[in-house]
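Undergrad: This is the structure alone, sequence omitted:
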């Protein structure tokens, strides 16, 4: 018997919660970034924190009974490091007043190395309650950093990494691979040097040329060369080999962690765990809906002064959508999808919906169908889109 | 004796010279259509006709003007439908010949004049679009004189602005002869068109040549040898309007519960079953499809839907033929026969629009006549049935005579194009001091493979093309096979001349390389004649296909992206392990080698 949407919702509410706070302020826009973020709005920062607190209060009232125990908090951007430690402390305390936050819950902040003028600043963030630092290094090559429009050079990044090492805190490094005109050796030089610092975690993704960004235009009108798929595929394979060799788990398509240091917050996206995203442009996955807050900083701040909810776009997912999302998100992880978890959620075995597709993909060598789990093969990771596509109806 | 109060006429014109607009103005002027919420171009009913600006089906309408009954028969405006045009003309005593005041006489104008003269019609030349800044009526008059038409008889109109319409109506009455009224002779009625309707069945459009017809009469169709009882007769007003009877000289319709359009073909003669005419009217011809292509549903489950759709279209279109066929590459589908490329496109578009089908259509083919060494002779309309090379004694293909009209500066380009397409020069003639008509004999196969597009592009759209069949000729033809990932794809086979096989093979392989998406493995594409590979290209393997970044905000976006890709995949055919997009099957058609 297939579970009804109501039954699915009841189960969904028991899966936990993650909280995401979006801080859409930047000093300058990076050439590849299409996240919602504005420059030249720093005078709004103070009001903005108030607005976030306001949305948090409204969300807390609405959801804390149904989803009482968030397991992670994530401050993303934009550029969260443009905000002071006190701002984060205020938000964390406010979370605690509505939800029960377990000791040691993962609380992450994204940092731009350019903003970290001293180790003191990092210590203050830690004292404000942050226990995981995600550093946007992207590359250690200064030419590449200029191409990406970053505000820092390689040396600045090295300096901040040293602070983090000295503090012995949990930190992750973001790297972007496969830039236009980049050679395998360029990328590997950055990666290998970063490896010397042994961060607990790497998020490594190839550059996506998103429409509307400066880089997209430059490649489109021929100012920059096309990104080589050959180089990209090679980067991907070599990253996997190199990081695995020194003890990292390749636990998700773009994520690598030393044992015990997988990102709990990011994993919640792939593990089909509900999340609330606060701030303009933030996304939520709540009550089985995908929700996006309107990308409009000014009206977000204005509505909050009236104690109103921000404007949102809500996409209701039907059971078929939810099944396919469970699969294509779950397959991103090295652990794959658990068949018993699928049956428990949806009320019938995965094979009863997708047997033919699973067999076909297995024949093509893209997935492996084990007794208890289904996983991407190495080839399947390289061609994950083909697998995901199969589960879209 | 004549039926003095009736005039039967048609309008003939080169495409876009304003035929349908003039027809609309005549309808308005005579009060046939009073309401101004009439759609533009009333007589072109189908969306397709309006969009393309061409008339596909003939239509008729009766007008009242100054006590006369004027029957206008609108004719299809394309060479594919030449036979239907000839039957419409045979139903008339006169024709309005529309010529664009700026464009002047074109290839089709000349073809129309000859056709009208053949049917002994009184021609009223109408120089239309005189409102255009580039209009040059005097030049057009000179061109007409060269064609043996008295330029003083030409009327000047602007159908768009409603100028000169009453002159046209008055000329119809004054100059077109009244029809003969042989009421006492046995019934002879010419079927010049029909439409199908699910209540009354086939409704033939008829011109009564002699005798009369009324409800209750037993009629006999002389070519199809079928007998029916008449349920209703009437005229076009412009809808159906029942009348007591139709008599010699009149144009109208009849309903007789005719279920199959093939029992009431255009050109057939209807007579009285109990008092039959001795001989049918001349000129009947069972139209034969000239161009064939395979139509396959992209989703094999739609086979039945496609079959039903074709059956329905055929009710209204006796020229459309189809029979089921199986392709190793494409699965179950139909081999369909058409009058020409336009006819094929129309059927395809109607299937996709009106029946919501996604189709893969193979490149069109003509009918080849093959004689084997064993002495066996047969015809093929599907290249994949072409026999092994060593079994063949001779192959013949249909040839056509082309009439291409163009400004003289493109003569060189046109001659090169015709010669590249195996044309043999026949004749060239100046229509006026700077425009020519060029005749070539060419294999019809070359005409249906992109020739028209190439002609348009090499003459900046100025040249026009018209052609007629001139019979079969022997040619040195071979079958060009395409192998995708080492597997022959039967639906991509074509028949080509031996001398151009290598060039076409190379060009087709290159095109397929662009059209077929990359796969996880290398996909070789080969063009071969028998076992002889004449061209080979490789589609390199795709190395990676993964959206690496996927966090909370990316999920909906990724999903939309995946959904879009999935939609694109639906329009592909899986052949072996390779996915081939629809476009690939038509790439065979495009023969421009400028890449």
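TA: That came through fine. Just so it is clear, the model here is predicted, and its values are computed rather than measured. Numbers count the residues shown, from 1 in each chain, chains lettered A, B, ... in the order given.
Undergrad: so where do the strands sit in the stretch 1-150 of chain B?
TA: B:6-13, B:59-65, B:68-74, B:94-100, B:122-128 (DSSP state E, counting those that start in this stretch).
Undergrad: now the ones you listed in TSV, with mean pLDDT, mean neighbour count and distance to chain A?
TA: (Each C-beta comes from the backbone N, C-alpha and C, glycine too.) Output for the strands of the stretch 1-150 of chain B, formatted as TSV (pLDDT from 0 to 100; neighbours: other C-beta atoms under 10 Å in any protein chain shown; distance: least, C-beta to the nearest C-beta, whole Å):
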stretch	mean pLDDT	mean neighbour count	distance to chain A
strand B:6-13	92	26	46
strand B:59-65	86	21	45
strand B:68-74	90	22	48
strand B:94-100	93	26	43
strand B:122-128	95	24	47
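Undergrad: CSV please, covering those and showing distance to residue B:518.
TA: Output for those, formatted as CSV (distance: least, C-beta to C-beta, whole Å):
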stretch, distance to residue B:518
strand B:6-13, 49
strand B:59-65, 50
strand B:68-74, 51
strand B:94-100, 49
strand B:122-128, 53
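Undergrad: right, and the ones you listed - which one's nearest residue B:350?
TA: Nearest of those to residue B:350, taken as C-beta to C-beta: strand B:59-65 at 17.3 Å.
Undergrad: Next, the angle from the closest one to strand B:6-13.
TA: Per axes from the mean of the first three to the mean of the last three C-alpha atoms, to 10 degrees, the angle that strand B:59-65 makes with strand B:6-13 is 130 degrees.
Undergrad: packing partners for the helix or strand residue B:352 falls within?
TA: Using DSSP states H and E, residue B:352 sits within helix B:341-354. Packing partners of helix B:341-354 (3 or more C-beta pairs under 8 Å, 6 or more residues apart in numbering or on different chains; DSSP states H and E): helix B:47-52, strand B:291-297, helix B:303-315, strand B:331-338, strand B:359-361.
Undergrad: so which of those comes closest to chain A?
TA: Each of these has some distance to chain A by C-beta to the nearest C-beta; the shortest is strand B:331-338, at 17.8 Å.
Undergrad: Quick check: mean pLDDT of that closest one?
TA: For strand B:331-338, the mean pLDDT works out to 92.
Undergrad: Equivalent analysis for stretch B:385-402, please.
TA: pLDDT averaged over stretch B:385-402 gives 93.
Undergrad: How about stretch A:247-265?
TA: 97.
Undergrad: any residue of it up close to chain B?
TA: Yes - figure legend: stretch A:247-265 in contact with chain B (C-beta under 8 Å from any C-beta of the partner chain); contacting residues A:253-254.
Undergrad: So what touches that stretch?
TA: Residues from elsewhere that reach stretch A:247-265 (C-beta atoms under 8 Å, 6 or more residues apart in numbering or on different chains): A:18, A:20, A:71-74, A:106, A:108, A:132, A:170, A:172, A:198, A:200-205, A:239-240, A:243-244, A:266-267, A:270, A:332-335, A:381, A:384, B:546, B:548-550.
Undergrad: so how far is that stretch from its chain's centroid?
TA: 13 Å (C-alpha atoms, centre = their mean, to the nearest Å).
Undergrad: Equivalent analysis for stretch A:119-135, please.
TA: With C-alpha atoms, centre = their mean, you get 19 Å for stretch A:119-135.
Undergrad: Can you point out the buried residues in it?
TA: A:121-122, A:124-126, A:128-130, A:132-135 (16 or more other C-beta atoms under 10 Å in any protein chain shown).
Undergrad: Kindly report the same for stretch A:92-105.
TA: Of the residues in stretch A:92-105, those buried (16+ other C-beta under 10 Å) are A:92, A:94-95, A:98-99, A:101, A:105.
Undergrad: Looking at the helices and strands packed on helix B:341-354, spot the one closest to residue A:65.
TA: Closest among those, once you apply C-beta to C-beta, is helix B:303-315, at 51.8 Å.
Undergrad: Just the buried positions in that closest one, please.
TA: Under 16+ other C-beta under 10 Å, the buried positions of helix B:303-315 are B:303, B:306-307, B:309-310, B:312-315.
Undergrad: same question, stretch B:220-235
TA: Quick answer for stretch B:220-235 (16+ other C-beta under 10 Å): B:220-224, B:226, B:228, B:230, B:232-235.
Undergrad: In a markdown table, list those along with distance to residue B:445.
TA: Formatted as a markdown table, the buried residues of stretch B:220-235 follow (distance: C-beta to C-beta, whole Å):
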| residue | distance to residue B:445 |
| --- | --- |
| B:220 | 40 |
| B:221 | 35 |
| B:222 | 35 |
| B:223 | 30 |
| B:224 | 32 |
| B:226 | 36 |
| B:228 | 41 |
| B:230 | 45 |
| B:232 | 46 |
| B:233 | 45 |
| B:234 | 44 |
| B:235 | 44 |
